[in-house]
Each structure stands twice: as structure tokens, then as C-alpha cells.
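# Structure for this input, please:
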Amino acid sequence: MGTRKTTTRKVKGRPTSAASRAKKPIESPDGMWERISRKAYELWEQRGRQEGGALRDWLDAEGIVMEEIHEARE
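Modelled structure (predicted):
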């Protein structure tokens, strides 16, 4: 069994790899985390405050907030 070789490509004189790209955090608009948090809480309340759905609530809230931002930019 062989080893897997990772390759990098040069962009503007610098090698890039998945590891180096992962080091740069994605910038989000100010207040986005708070908006998503509030929306996730609202969804949790609407769903009867059921335990075990925090990730689903967060991801749903994230989608809703992102859509609101997208629509506001149009």
C-alpha cells in the first residue's frame, strides 16, 4: 500500500494547500452570529422547545439569515 502525496499549486508565488486555506477564517458581517443565534432560539421555541435539535435549529436559522441578507442585497 502506497502513501498519498499531497500537491500544492502556486498562486502569486505562494504554494497553497487545503491546510493553508483552512487557516484563514471566513469573515462574516457584523452581528451575523447574534442574528443566527436569535433565529435558532425562535425556531427552538416554535418547535416546542424539544431537546436534541440544536444543530438542526442552528442550520435552519443560518439558512434563513443568509437568505434575508441575500434578499436585502438585491
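# The nearest residue to I69 once chain neighbours are set aside and V65: what is the separation?
Nearest non-adjacent residue to I69, counting by CB to CB, 6 or more residues apart in numbering: P29, 7.0 Å away. From N, CA and C alone the C-beta is placed, and that goes for glycine too. Counting by CB to CB, to the nearest Å, the gap between P29 and V65 amounts to 10 Å.
# now swap in E51 and tell me
Where V65 is concerned, E51 sits at a distance of 23 Å (CB to CB).
# which one of those two has more residues nearby?
Neighbour tally, E51 and V65, criterion other CB atoms under 10 Å: the higher count belongs to V65, 22 against 6.
# so the more buried one makes contact with S37?
No. V65 lies out of contact with S37 (CB atoms under 8 Å); the separation is 9.6 Å.
# List the residues that contact A54.
A54 sits next to A40, W44 when contact means CB atoms under 8 Å, 6 or more residues apart in numbering.
# tell me the contacts of S37?
Neighbouring residues of S37 by CB under 8 Å, 6+ apart: A61.
# right, and K39 touches I64 too?
Yes. With contacts counted by CB under 8 Å, K39 reaches I64, the gap being 5.6 Å.
# Which one's more surrounded, the two?
Shown here are K39 and I64; by other CB under 10 Å, K39 has more neighbours (19 against 16).
# so that one sits in a helix?
Yes. Counting by DSSP: H, G, I helix; E, B strand; the rest coil, K39 is found in a helix.
# Which positions in the helix of greatest length in the chain come out as buried?
Across the chain, the longest stretch assigned as helix under DSSP state H is helix 54-73. Using 16 or more other CB atoms under 10 Å as the test for burial, helix 54-73 gives D57, W58, D60, A61, E62, I64, V65.
# could you give the mean pLDDT of it?
Helix 54-73 comes out with an average pLDDT of 93.
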